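> Sequence isn't available, so here's the structure alone:
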């Protein structure tokens, strides 16, 4: 059974553009060496066989570092590689259906954008963490609607699940999110577009050591 209290710290998300196949594993390993505690595999375009192989490799890598491994959107892929869970957007498989397939012990995170109403719905349906954002302009998702910092304060006061902040997060702007109640910082470009992946991850991961 997964220890769901481990939902805290730096949560890195893969990206095909920033980390093409030849560099995927080395980049994720550098982030894990820097202190990332969760990895989400996000690839919506590669062939199924490629995605399966990469997910298997990342799963093994995360196990070696004692980190959690989640798959974006694809419940079947998560099952195939025995991932720790999935992350679902609002247009992906409904949470109750995903839970029925994955069982009670796997993690399911839900994108709630800037909506407490969506968060309450996710709580009622059995989510394990709630993702809010984008808190800053995002390179990965430039069209994402913005979320105010006050939303994290409200969510922390009203909801008992771990909260994940996402959207344009870097070591320079992450501290207010942690202070406002973000249990997880979901980061792509802020780690993988940096000159030194391990160092960027370490700077973000250190925020939780400081706040502990």
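Right, received. Where do you want to start? Everything quoted here is computed from the prediction, not taken from an experiment.
> Tell me which other helices or strands the longest strand anywhere in the chain touches.
The longest strand of the chain (DSSP state E) is strand 107-113. With contacts defined as 3 or more CB pairs under 8 Å, 6 or more residues apart in numbering; DSSP states H and E, strand 107-113 has these neighbours: strand 68-72, strand 85-88, helix 95-102, helix 116-125, strand 129-133. In short, each C-beta sits where N, CA and C put it, glycine included.
> Which among these is found nearest to residue 193?
strand 129-133 (17.3 Å; CB to CB).
> what lines up beside the closest one in the sheet?
strand 107-113 (parallel), strand 163-166 (parallel) (DSSP bridges).
> just for the chain, where's the confidence low?
Low-confidence segments of the chain (pLDDT under 70): 1-5, 211-212.
> what's the span of stretch 184-197, first residue to last?
Stretch 184-197 has an end-to-end distance of 18 Å (criterion: CA to CA, to the nearest Å).
> Next, the residue sitting furthest away from the middle of the chain: secondary structure please.
Computed with CA atoms, centre = their mean, the residue of the chain farthest from its C-alpha average is residue 49, at 23.1 Å. Here residue 49 is helix, with the state taken from DSSP: H, G, I helix; E, B strand; the rest coil.
> Repeat that for residue 168.
Per three-state DSSP, residue 168 ends up coil.
> How about the contacts made by it?
Residues in contact with residue 168, defined by CB atoms under 8 Å, 6 or more residues apart in numbering, are 134, 135, 136, 137, 138, 139, 189, 190.
> about what we covered before: need the helices and strands packed on strand 107-113 in CSV (columns: mean neighbour count).
Shown next, in CSV, are the helices and strands packed on strand 107-113 (neighbours: other CB atoms under 10 Å):
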stretch, mean neighbour count
strand 68-72, 24
strand 85-88, 26
helix 95-102, 16
helix 116-125, 16
strand 129-133, 25
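> Serialize those to TSV and add fields for distance to residue 195.
Formatted as TSV, these follow (distance: least, CB to CB, whole Å):
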stretch	distance to residue 195
strand 68-72	26
strand 85-88	27
helix 95-102	37
helix 116-125	36
strand 129-133	24
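> what residues are up against residue 13?
Residue 13 neighbours (CB under 8 Å, 6+ apart): 39, 40, 42, 72, 140, 186, 187, 188.
> Which one of these is nearest to residue 152?
residue 186 (12.9 Å).
> Nearest residue to that closest one in space, ignoring adjacent ones along the chain?
For residue 186, ignoring the flanking residues on the chain, the nearest one in space by CB to CB, 6 or more residues apart in numbering is residue 166 at 3.9 Å.
> and if you look at residue 35?
Per CB to CB, 6+ apart, closest to residue 35 is residue 205, 2.9 Å.
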